[in-house]
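# next input, structure requested:
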Amino acid sequence: MAERYTHRLRVRYSECDQQGVVFNAHYFAYFDDVLTEVWRDVLEPYKDMVKSGVDVVVAEARARFRSPARFDEEIDLVWWVTGLGNTAMTTRIDVQRDGELLVEGEMRHVFVEAGTNEKREIPGAYREKLEAYLDGM
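Reported below is the predicted structural model:
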């Protein structure tokens, strides 16, 4: 089985709606949080990637909601790669509380030349590191 990257966070009051649960749009921000941490810990800090002329843009984002998270709960964002193409990667992000699956997320990012929307190949050094997290399921 491929490696998984886990980032824990605590739900803040401002992220909850009138029902007292995390408002759905915040999960997409959580997905971005875990991606930023992956970049920092596995590849290189995002800002360094951009300085080198590489960037990524979101091409697709989905979430399937199973159970809500609430204020002050600790949740884990469990991330891995489900597809690596020439210019794009697809990732899965499971939001969990004490091992219970709350949200199934999926994102597809396209690698581009920094400052443009011009597609580019995934750099070889990134591909190598991302392959450790690749699990086609």
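
# quick one: buried residues of the strand ranked longest in the chain?
Selection of the longest strand in the chain by residue count, based on DSSP state E, yields strand 100-113. For strand 100-113, the neighbour count (16 or more other C-beta atoms under 10 Å) marks Leu102, Val103, Gly105, Glu106, Met107, Arg108, His109, Val110, Phe111, Val112 as buried. To be clear about C-beta, it is placed using only N, CA and C from the backbone, and glycine gets the same treatment.

# hmm, who's touching the helix ranked longest in the chain?
As assigned by DSSP state H, the longest helix anywhere in the chain is helix 24-38. Identification of contacts with helix 24-38 by C-beta atoms under 8 Å, 6 or more residues apart in numbering yields 5, 7, 9, 15, 46, 61, 63, 65, 75, 77, 79, 91, 93, 95, 103, 105, 107, 109.

# please pick the buried ones from the residues you listed.
Buried among the contacts of helix 24-38 by 16+ other C-beta under 10 Å: 5, 7, 9, 15, 46, 63, 75, 77, 79, 91, 93, 95, 103, 105, 107, 109.

# okay but the last one is in contact with Val56, surely?
When you say that, I think you mean His109. Yes - the criterion here is C-beta atoms under 8 Å, and His109 meets it with Val56 at 4.2 Å.
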